[in-house]
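Q: coords please:
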Amino acid sequence: MFAKKLLHKAVLHHSNHSKFQHHRGLKSSELDPRIVIHYGIPSTASVLAFDSIQRLLAIGTLDGRLKVIGGDNIEGILISPKQLPYKHLEFLQNQGYLVGVLNDNDIQIWSLESRSLVCSLEWESNITAFSVISGSHFIYVGDEHGSFSVVKFEAEEGQLLKSSYDLSAKFLREAAGFSDYSDQPIVGILSQPSSFGNRLLIAFQDGLLILWDIAESKIVFVGGGKDLQLKDHGSDSSIEPDTNVPSDSIEQNLGDKEISALCWASLSGSILAVGYLDGDILFWNLSSTAPSKGQQTSSKNVVKLQLSSAERRLPVIVLQWSSNQKSRSDCDGQLFVYGGDEIGSEEVLTVLTLEWSSGMETVKCISRADLTLSGSFADLILLPRAGAMELNTKADLFVLTNPGQLHFYDSDNLSALTSQQNRTPSIDALEFPVLIPIADPSLTVTQLVRLPSESTSSKILTEVASVLRTGSTPSLATPSHWPLTGGVPSHLSTPKGSGIERVYFAGYSDGSVLVCDATHPVLSYICYIEGEVKDIKVAGSSAPVTKLDFCSVSLLLAVGNESGLVCIYDLQGHSDGRNCHFVTETKSEVHESPQGKGTHCSAVISLLGSPVQALSFSNSGTKLAIGYSSGRVAVCDMTSMSVLFMIDSVPISSSPITSMIWKEQARFHSALNSPKQSETSSTGNSLEEIIFISSRDGKINIVEGDTGKMISSQPLHVKESTAISIHVIEDSIATTEATNDRHEEEPLKDTASASPDEPVRESNPTGINSAEAESSSSEVTAAGDLLFDPLVLLCCENSLRLFSAKSLIQGNKKPIRKVKDTKSYYWTTILKKDDKYCGLLSLLQTGIFEIRSLPDLELVTESSLLSILRWNYKVNMDKTLCSDANGNIALANGSELTFISLLAGEDKFRNLERLPCLHDKVLAAAADAAFRFSSSQKKKQVLVSLILFSILNPPLFVYLISLIILAQISAPGILGGIVKGFKGGKASPTNMIKIQPSNFMHLEDKFYKSPRSDFHQTVSDELELNIDDIEIDEPITEVSTYSPNVKNKQKDNLREREKLFEGATSDDVKPRLRTPEEIMATYRKTGDASSAAAQARNKLVERQEKLERISQRTAELQSGAEDFASLANELVKTMERRKWWQI
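A: Modelled structure (predicted):
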C-alpha cells in the first residue's frame, strides 16, 4: 500500500513537472537588458570634457562609465566593458566621437550616434599625457618613458592606427643640447594656438619644456631642465591683489622642480603657465628666440607666482586660463588654480585676474578670489563663450566635485570677481538642473504605470496634460543661460497624434509628488503636486510620501504619507470637481476650493495615525483600499467619499500590510460556490471584487471588497517568513492548451487528494542555483487545473511559494511550487509579454537580479546592479524601485535615475531609433560649411579691398597687377602668401577659429614617417648648400605655406617686393673646402672600384644636364621679364591718361 502511494506521488510529480516545462513562460533568448533612460551625474564622476560646437558635456567616472549631457533633458550613459577609472577624456570636436583612456592604458573611441564602443587600442606603456588636436582625428600620446607618439582614428574603418611618427626622450634631449639621458615621463602635451597644429609643447616631469615644430622638424624653444638655472634678487613673489611680480625674482634650480600642471596663458600661445609640485607657478615667455644647444634660459623670459608665502604648500593640481576680451593684450585674463596654497588651508578654487606689462617682464594681480567648493574637488573645465570659436576665448566654468556634483559659473559672475574686494566673495553657482530630483528633496517612493492601450484614459490624460503643465511646476527648469544645448530629440519619439502611454510618479520627503510622461526615452513633466494641501489645513499633510497608487480608469491619484493621511488628486480635471472632501472614520466634510490651475485635491482621508504602507484602487476605480503599518485595512468609496469598512488584515495580527490586490469575483466563481464556501457566501449577493491581502509576518487573507468579510476558510500563515509581496496570476496560458491539459489529467483528480497536513516532498530540479524547488503531490487540482485557474505567488525574504487561488480559498495551505534560497529577496515584480504573464523579476539583497519563468519558477538568468549599472546595493533601494509589468523597471540611486528595458522585442520604449541623438549632424555640417565659407570670404574680401584701393592709387594698382601676373606665371601658390602679406598687423580673434580637419592635410605625410630624417635634413641644410640639391623640374602647383622659406618670410615681416624676390641672390652662401671624411661620408658607396667609378661618371653627366637646364631656364626668365616690363610700362601710360571717374 505504501509503495503504491509513493509510486502515485512520483508519477504525479513527474506529470506536473513535465507540464511546467511544456508551458514554460520565459526563455533566456527573450531577455536583453538595455538602459533606455539615465538621468543624473554618477557619484564616481572624476573627469570632464566639452564639445564647444555641439555644446555637449562628457563626464568620465571611476567605474568605467561615461555620462554625456546635452540640452532639453537629453542625457546618455555609455558603459565600458572594463570597470576601471577613466584618467583622460576628450571629444573629437564636432565629429560625434568621444575618446577616453582607462587606467589600464586602453584608448577607447565611442560613437555618440550609436552609443557604442567603436574600437580600442591597448597601449604598451603607461600613458601619462594625452591630447587631441582640436578639429582633427590625430591624438597625441605621451608615456612614462618620455616617448611621444601620434595615433590617428580612421572613422571609416573604425580603427585606431599608430603612426610611425614618434619622438623619444633621448632624441628630444639630445636635440635640446642635454648630454645626459633621463627617462622622465611626459606630463603634458599642448598644441600651440595659432600654429595650425604645426607646433606642440612637450613637458617632462623633471621640468623640461620643449616646443617642437612638426612642419620643420626642429626645436623652437627650450625651457626648464636641471641644467638650467635662473638668477634671483631675493624679492617676495607671493600673489596678493595689486602686487607687481618681477621676472628676476627667481632663484631655483629648475631640475628640482617637478611639473604638475600647465596651460596656455595667451591667445597667441606666447605665454605658458606651469604649475609645480612645490606650489610655484612659472610663466614662460615662448616668443623669444630659441636658445642654442647648451645655452641657459634667460630669467627675463620667466615670471614666478606664489599663492602663499608658506614654506610648505600644496601642489598645483589644475591650471586653466581665460582671456580678457576687454583688454588689448592677448595675455591679460583670469587664471584658475586648484592647489598651490598652504598645506592645511581650506579647499578652494583660486581665481587670479592678471595684467601684464608691455614688455611682459612683470605681471600685476588685479584681484584674487577663492571660491569655496561644495565637496572635494574632482575636475574643472572652461567653456568658450557662446558663439565664439577661439580656443582660448573662454568665460564659463564647470566645476565637478564629489560625489557627482556639477557647479556652473557663468561669465557675468566670473567677471564680477574683479570688482569685489573680498577674498572669499559670495558668488552663486548654478547647480546641475536635474529633471527628477532624488537627493533634495529626497525621493521616497515611485510608481511606473502603463496605461491600457484600448482605453480612453491615454487620450484624456494627453488632453489635460497641456493644461496641467501650465499650473504649478517645480522650480527645477533649466536656466535660460545654461550652456549645454546639444543633442537632437528623435522625430520618432514625438509623432503627431501620439498619446501618453506610460506615466512615472515620484513621491518626496516633503510630501510633494512629481508626475512625468515616460512614454518616450526623454521624460517630460505632466504636473507637480505640492506637499502642503492648500484647500484644507490638515496636520501632517507635508509628511514624507510612503505609498502611491494611480487608477488608469478614473485618473485618480492616491498619495499616502507617514502621518496616515491619504490625499486623492483628480488628474482628469473635472469642471465640477472644485470641492475637497475631508473624510474621517465617522464623517465626511465638504470644503470649497478656490479656482485655480493645476491639480486639484478632491479628498483628504484621515482615519489612523499609522503610516500608510499599501494603496490599491479597485479595477473599476470606485473603491480604494488603504493598508496601514498597524495591520489595519480600510476601504473607501471614491464616489461618495466615505468609508465602507475598516478591518484587521488578519484577526489578532498587527503586522504591517505589504500588498493588496483587487480581483474580479467571476474568476473565482467555482471556488466560491464550493461546499466549503456555501456558508460564507450570501445567497443572492454577487460579489463584484475580492481583495488579496498580505502582511509582513507571512499571512494572506482574502476578503470581500464591499463588506470586508473573509472569503477563505482560514488565513494562510507561512511561519518563520517575512512576506515581501503577493502576485495574483491570471490567464497563464492559452485557453485551448489549458482545456486539453485538463482533459488529459482528469483521471488523476480522484487519487490526488490528501490531507492538508501531509508534508511536501522536496526535489532539486536542474537549473536552480542555490535554491530548492518543491512540488506538492497533495495538491487538490491536477496540472491542467493549475494552468487554467488563477495562481497566487507569495514572495518572502527566503522563499517563493506558488499556490492555486482556488485551493487557497478553500483552505488548502500546501504550495504547488516552492523555491528556497539562501540569499534574501528584497523586491519582486511580475513580467508580462504580449499581455501574458511570463516571468518573475526579483532583486536580492546582494544586488543580484533573478529572472524566473512562470509558472515553473525555473531560474532563467541572473544579473546584477553592478554589471548593468555599476551600482552597489543600498538599503531602502526597493522603495524607489518600480516596474510597469512589461519588462521596464525604474531605479534610483544617489543622484541617478535610470530606466531599464529587460525584454527583447519591438517595444517602442527600447528602440534605439527613438532615443535622442547625442550628435547633431545638421549642426556639424553647418559648422563645417560656415568655416569653409568664412575662410574663403575673408580671402575674397581682402583681395577685393586691395584691388579697389589700388585702383584709386594707379601706381599701387600697377604694382598689384604685376604681382598677380608674376605670381600666376611663376607659381600660382604664391598668391596666398602675397595676400597674407598684405593683411599685416595683429591677428584678430576671428582668425583663431577652431582648427578644422582640412587644415591638417599637411600633417598627414609628416605623421607617417619618422621625424628624425627631417630633423637631420634640417640640420644639414643649415650647414651647406649643394648643387645636387637644386631641383630643375617644373614648379609644383601647390606650394606648402608651412615650408621654412615661407615661415621666415612671415616672421621677418619683409616688404612685399622684397619677399617676392627673396632668395634670388645667394651672396651669403660661400663655398668651403670639405674634409676627406665629409666627402667619404657623402659619396662612399658599397661595391667595387669599377662600379664606384661608373656611378661617379653618371653623376657628372647628370650635373652637366642640370647646368644646361639652368642656363636655358635663365634665358626664358630674362625674356619673360622683358615682356613683363614692357606690359607694365604700357599699363602705366594707359592709367595716366584716364581720369579718376573713368576708373
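Q: next up, the contacts around Gly146.
A: For Gly146, the contact set (C-beta atoms under 8 Å, 6 or more residues apart in numbering) comprises Ser168, Ala169, Lys170, Leu172, Ser182, Asp183, Gln184, Pro185, Ile186, Phe204. Any C-beta I mention is one placed from the backbone N, CA and C, and that applies to glycine too.
Q: and the first one, how close does it get to Asp637?
A: According to C-beta to C-beta, to the nearest Å, Ser168 stands 85 Å off from Asp637.
Q: quick one: the helices in the stretch 451-600 of the chain, in order.
A: 457-469 (DSSP state H, counting those that start in this stretch).
Q: let me see the ranges of the strands in it.
A: Under the criterion DSSP state E, counting those that start in this stretch, the stretch 451-600 of the chain contains strands at 502-508, 513-517, 524-529, 545-551, 556-561, 565-570, 579-583, 588-592, 600-606.
Q: nearest to Ser863 among those strands would be which one?
A: strand 502-508 (22.7 Å; C-beta to C-beta).
Q: where among the strands of the stretch 451-600 of the chain is the average confidence lowest?
A: Among the strands of the stretch 451-600 of the chain, strand 588-592 has the lowest mean pLDDT, at a mean of 83.
Q: buried stuff in that strand?
A: Going by neighbour count (16 or more other C-beta atoms under 10 Å), the buried part of strand 588-592 is Ser588.
Q: rewinding a little: got the strands of the stretch 451-600 of the chain as JSON lines, with distance to Ile127 columns?
A: Formatted as JSON lines, the strands of the stretch 451-600 of the chain follow (distance: least, C-beta to C-beta, whole Å):
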{"stretch": "strand 502-508", "distance to Ile127": "42"}
{"stretch": "strand 513-517", "distance to Ile127": "42"}
{"stretch": "strand 524-529", "distance to Ile127": "42"}
{"stretch": "strand 545-551", "distance to Ile127": "49"}
{"stretch": "strand 556-561", "distance to Ile127": "53"}
{"stretch": "strand 565-570", "distance to Ile127": "56"}
{"stretch": "strand 579-583", "distance to Ile127": "65"}
{"stretch": "strand 588-592", "distance to Ile127": "68"}
{"stretch": "strand 600-606", "distance to Ile127": "59"}
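Q: out of those strands, which comes closest to Ser1119?
A: Short answer: strand 524-529, nearest of the strands of the stretch 451-600 of the chain by C-beta to C-beta, at 78.0 Å.
Q: in what helix or strand does Lys162 lie?
A: Counting by DSSP states H and E, the element that carries Lys162 is strand 159-167.
Q: so which of the strands of the stretch 451-600 of the chain is nearest Ile868?
A: strand 502-508 (19.3 Å).
Q: tell me the buried residues in the closest one?
A: Counting neighbours by 16+ other C-beta under 10 Å, strand 502-508 gives Arg502, Val503, Tyr504, Phe505, Ala506, Gly507, Tyr508 as buried.
Q: check stretch 718-728 too.
A: Buried-residue list, stretch 718-728, by 16+ other C-beta under 10 Å: Val718, Ser721, Thr722, Ala723, Ile724, Ser725, Ile726, His727, Val728.
Q: not including adjacent chain positions, what is the nearest residue to Tyr873?
A: Gly847 (3.5 Å; C-beta to C-beta, 6 or more residues apart in numbering).
Q: hang on, that neighbour packs against Val875?
A: No. The pair Gly847 / Val875 is not scored as a contact, 11.7 Å apart, by C-beta atoms under 8 Å.
Q: of the two, who's got more company?
A: More crowded of Gly847 and Val875, by other C-beta atoms under 10 Å: Gly847, with 19 against 8.
Q: do you know how far the more buried one is from Ile830?
A: As for Gly847, its distance to Ile830 is 21 Å (criterion: C-beta to C-beta).
Q: if we can go back for a sec, mind listing what's buried in the strand holding Lys162?
A: Leu160, Lys162, Ser163, Tyr165, Asp166, Leu167.
Q: contact partners of the helix or strand following that strand?
A: Once the chain leaves strand 159-167, the next helix or strand it forms, by DSSP H and E, is helix 169-176. Outside helix 169-176, the residues that touch it by C-beta under 8 Å, 6+ apart are 145-148, 180-184, 186, 202, 204, 208, 210, 212, 218-219, 222, 225, 293, 1012, 1015.
Q: what's the closest non-adjacent residue to Leu66?
A: Nearest one to Leu66, counting by C-beta to C-beta, 6+ apart, is Leu78 at 4.1 Å.
Q: work out for me the element the one you found sits within.
A: Counting by DSSP H and E, Leu78 is found in strand 75-79.
Q: immediately after that strand, which helix or strand?
A: Trace forward from strand 75-79 with DSSP H and E and the next one is strand 86-92.
Q: which SSE is immediately downstream of that next one?
A: Moving toward the C-terminus from strand 86-92, the next element (DSSP H and E) is strand 97-102.
Q: pull the CA atoms of that following strand into CSV?
A: Only the C-alpha atoms of strand 97-102 are listed here, as CSV (Å, rounded to 0.1, in the frame of the first residue of the first chain):
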residue,chain,number,x,y,z
TYR,A,97,33.2,60.7,-31.2
LEU,A,98,34.4,60.6,-27.6
VAL,A,99,37.9,59.4,-26.7
GLY,A,100,38.7,58.0,-23.3
VAL,A,101,41.7,56.4,-21.7
LEU,A,102,41.3,53.9,-18.9
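Q: now tell me which helix or strand of this structure has the poorest mean pLDDT.
A: helix 749-752 (a mean of 34; mean pLDDT, DSSP states H and E).
Q: just to revisit the earlier point, pull out the buried residues from the contacts of Gly146.
A: Buried by 16+ other C-beta under 10 Å: Ser168, Ala169, Leu172, Ser182, Gln184, Pro185, Ile186, Phe204, out of those.
Q: redo these as a markdown table? Include distance to Phe50 and pLDDT.
A: Shown next, in a markdown table, are the buried ones among the contacts of Gly146 (distance: C-beta to C-beta, whole Å; pLDDT from 0 to 100):
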| residue | distance to Phe50 | pLDDT |
| --- | --- | --- |
| Ser168 | 32 | 90 |
| Ala169 | 31 | 89 |
| Leu172 | 31 | 89 |
| Ser182 | 35 | 73 |
| Gln184 | 30 | 89 |
| Pro185 | 26 | 94 |
| Ile186 | 24 | 95 |
| Phe204 | 27 | 93 |
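Q: relative to Asn798, which of those residues is nearest.
A: Pro185 (54.3 Å).
Q: still on that earlier bit, looking at the strands of the stretch 451-600 of the chain, which is closest to Cys917?
A: strand 524-529 (17.5 Å).
Q: hey, where'd the helices end up in the stretch 251-400 of the chain?
A: Going by DSSP H, counting those that start in this stretch, the stretch 251-400 of the chain shows no helices.
Q: ok, the stretch 801-950 of the chain next?
A: Going by DSSP H, counting those that start in this stretch, the stretch 801-950 of the chain shows helices at 805-809, 865-869, 921-951.
Q: any buried residues in the first one, and which?
A: Meaning helix 805-809. Ala805, Lys806, Ser807, Leu808, Ile809.
Q: sorry, back to before: quick one: the buried residues of strand 159-167 as TSV, columns for distance to Pro403 too.
A: Shown next, in TSV, are the buried residues of strand 159-167 (distance: C-beta to C-beta, whole Å):
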residue	distance to Pro403
Leu160	32
Lys162	37
Ser163	40
Tyr165	41
Asp166	40
Leu167	40
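Q: which pair in those has the greatest spatial separation?
A: Leu160 and Leu167 (19.2 Å).
Q: only alpha carbons, please: show stretch 201-212 as PDB.
A: Output of stretch 201-212 as PDB, limited to C-alpha atoms (Å, rounded to 0.1, in the frame of the first residue of the first chain):
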ATOM      1  CA  LEU A 201      54.700  71.800 -26.400                       C
ATOM      2  CA  ILE A 202      56.000  68.700 -24.600                       C
ATOM      3  CA  ALA A 203      56.500  68.900 -20.900                       C
ATOM      4  CA  PHE A 204      58.600  66.400 -18.900                       C
ATOM      5  CA  GLN A 205      58.100  65.700 -15.300                       C
ATOM      6  CA  ASP A 206      61.600  67.000 -14.300                       C
ATOM      7  CA  GLY A 207      60.600  70.500 -15.600                       C
ATOM      8  CA  LEU A 208      62.000  70.400 -19.100                       C
ATOM      9  CA  LEU A 209      59.800  72.200 -21.600                       C
ATOM     10  CA  ILE A 210      60.300  71.700 -25.400                       C
ATOM     11  CA  LEU A 211      58.300  73.500 -28.100                       C
ATOM     12  CA  TRP A 212      58.600  71.200 -31.200                       C
END
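Q: thanks a lot, see you next time.
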